[in-house]
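Asks: Sequence first, then the predicted structure, then my questions.
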Amino acid sequence: MSHEFDSAVAGDVLERLEVVVLVREPADGGWRLASGEPGPGWWVTWFGSAGEAVGRSAFLEDFVDRASQECWAGTGPGTLRSGMWEETHAGGESRFFEAIAGHRPSGAGDWLAVQAVDDRLLREQAILQSVHDQRLDRRRLQKELEKKQILLECIMHDLGNPLATVLMNLQHLGRHLGERPDLLPAVSRAVSQAERQRSLIRSIAEVFAADLIGMPSGEPVDLVSVGAQTIAALAPQAAARGVTLCPFFGPALPVAAEPLHLSRVLENLLVNAIRHSPDGGNVSLSFDRQDGEAVCRVEDEGAGIDDALLPRLFRPFTQGSGEVGQSGLGLYFCRLTVEQWGGRIAARNRPGTAGACFEIKLPLATGAKPTPA
């Protein structure tokens, strides 16, 4: 009873999978259906019966001949696959099939399995088409990025070179105006505006480069050391505005970042803090290590950030009141760069006191060991 039940279950599974198994009779070499005639409807429609199937399909007949030589003769592999082929019956309809030839486990004969594979073929074709489309999209995207990068470089070149010439000539003119001191203020204002314009061009170039081609990660770099170099470079600018820079350094914090762009991020935050600080105010730069991340904070004693501005502070072209003439791209550049290194940036007003706090968190470089305090 168990054997009959197992056979019935196996037959039902094969039928649902649209598989027919033929067994060769040792006595006369003919074929019979393992599940009994007549077989499922698709089998009858396309192949008739076990006795006429091989002669009815030229492909199947050729495969049986090949299996007799390579599989059933005992000199080749235990099983042999035909690969998919297409059959068309008298009504003109086509379907795809696949056959597998093999030895019966008992050694009492050979078997031949035939399966309808239309659904599988469609799935495979869909997968192949999807892979092809994705590769095509990637190639198109790469070409578009290359075009935009070239365009950006051309624009920066065309804007930067004439401006550099103007600035150089203004500086030269300023050095030779001893006889016309009345013109010195005008030349000084022109130099200041040209330098501001050059800074704006650099800011725009950095933002679009970060957005289009990303930021290189490079080797592990010490965040604290980069912060020390940046704050030293900005000390004269802070002093000119009556602002005191207050760095709080600590143990090294190695992060996977590119030193020049990391310095640019810290410079943007520090310049922003200096610009919003009152005369005699302090700007602090501090470092910490928390939960496998390096933390850097820039805090000022200015008026703080408008609550309505906080949600969109790191979006492009966002400007607060009194910031006419700024590009509104500095904080956007900081966000793009930090996020591409796997980090986060946030801003908030300092609780209980005036001023704002900008905080950067970057993953510590892989394999970096904690440095004793």
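Replies: Ah, there it is. Treat the numbers as computed from the prediction; the structure is a model and nothing was measured.
Asks: Tell me where the protein has helices.
Replies: For the chain, the helices defined by DSSP state H cover 2-16, 41-47, 50-56, 58-70, 118-175, 184-213, 223-240, 259-275, 330-340.
Asks: could you dump the second one to PDB, C-alpha only?
Replies: What that stands for is helix 41-47. In PDB, the C-alpha atoms belonging to helix 41-47 read as follows (Å, rounded to 0.1, in the frame of the first residue of the first chain):
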ATOM      1  CA  GLY A  41      -3.100  16.500 -21.800                       C
ATOM      2  CA  TRP A  42      -0.100  18.400 -23.000                       C
ATOM      3  CA  TRP A  43       1.800  15.200 -23.600                       C
ATOM      4  CA  VAL A  44      -1.000  13.700 -25.700                       C
ATOM      5  CA  THR A  45      -1.400  16.900 -27.700                       C
ATOM      6  CA  TRP A  46       2.300  17.300 -28.500                       C
ATOM      7  CA  PHE A  47       3.700  13.700 -28.500                       C
END
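Asks: which parts of that helix are buried?
Replies: Neighbour-count burial for helix 41-47, counted by 16 or more other C-beta atoms under 10 Å, picks out 43, 46, 47. To be clear about C-beta, it is placed using only N, CA and C from the backbone, and glycine gets the same treatment.
Asks: Just the terminal-to-terminal distance for stretch 30-42.
Replies: For stretch 30-42, the first-to-last residue distance is 21 Å (C-alpha to C-alpha, to the nearest Å).
Asks: Pull out the buried residues from it.
Replies: Neighbour-count burial for stretch 30-42 [16+ other C-beta under 10 Å]: 31, 32, 33, 34, 35, 39, 40.
Asks: With distance to residue 180 and pLDDT as extra columns, can I get the residues you listed in TSV?
Replies: Shown next, in TSV, are the buried residues of stretch 30-42 (distance: C-beta to C-beta, whole Å; pLDDT from 0 to 100):
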residue	distance to residue 180	pLDDT
31	111	85
32	114	84
33	110	83
34	109	82
35	109	78
39	108	79
40	104	81
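Asks: Restricted to strands, list these.
Replies: If you go by DSSP state E, those have 31, 32, 33 in strands.
Asks: How about the contacts made by residue 223?
Replies: 253, 254, 255, 257, 262, 287, 294, 296, 362 (C-beta atoms under 8 Å, 6 or more residues apart in numbering).
Asks: which pair in the residues you listed spans the largest distance?
Replies: The most widely separated members of these, counting by C-beta to C-beta, are 257 and 287 (13.9 Å).
Asks: picking up where we left off before, between the buried residues of stretch 30-42, which is closest to residue 308?
Replies: residue 40 (70.1 Å).
Asks: distance of that closest one from residue 302?
Replies: 81 Å (C-beta to C-beta, to the nearest Å).
Asks: in stretch 173-181, what counts as buried?
Replies: residue 173.
Asks: Show me the shaky parts of the stretch 251-373 of the chain.
Replies: Within the stretch 251-373 of the chain, the segments meeting pLDDT under 70 span 317, 319-328, 367-373.
Asks: try it again with 50
Replies: Applying pLDDT under 50 to the stretch 251-373 of the chain picks out residues 324-325, 368-373.
Asks: mind listing the strands for it?
Replies: 254-256, 282-290, 293-299, 344-349, 356-363 (DSSP state E, counting those that start in this stretch).
Asks: Switch these over to TSV; also include mean neighbour count and distance to residue 136.
Replies: Converted to TSV, those look like this (neighbours: other C-beta atoms under 10 Å; distance: least, C-beta to C-beta, whole Å):
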stretch	mean neighbour count	distance to residue 136
strand 254-256	22	32
strand 282-290	18	44
strand 293-299	21	39
strand 344-349	16	34
strand 356-363	21	34
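Asks: Make JSON lines out of these and add distance to residue 144.
Replies: Shown next, in JSON lines, are these (distance: least, C-beta to C-beta, whole Å):
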{"stretch": "strand 254-256", "distance to residue 144": "28"}
{"stretch": "strand 282-290", "distance to residue 144": "39"}
{"stretch": "strand 293-299", "distance to residue 144": "34"}
{"stretch": "strand 344-349", "distance to residue 144": "28"}
{"stretch": "strand 356-363", "distance to residue 144": "30"}
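Asks: Residue 343: what's its closest spatial neighbour, skipping adjacent residues?
Replies: Spatial nearest neighbour of residue 343, excluding adjacent residues (C-beta to C-beta, 6 or more residues apart in numbering): residue 362 at 3.9 Å.
Asks: Looks like that neighbour contacts residue 339 (just checking).
Replies: No - counting by C-beta atoms under 8 Å, residue 362 stays clear of residue 339, with 10.2 Å between them.
Asks: just to revisit the earlier point, which one of the contacts of residue 223 sits closest to residue 233?
Replies: Residue 233 has its nearest neighbour among these in residue 262, at 13.4 Å by C-beta to C-beta.
Asks: who touches that closest one in this structure?
Replies: 221, 223, 226, 255, 337.
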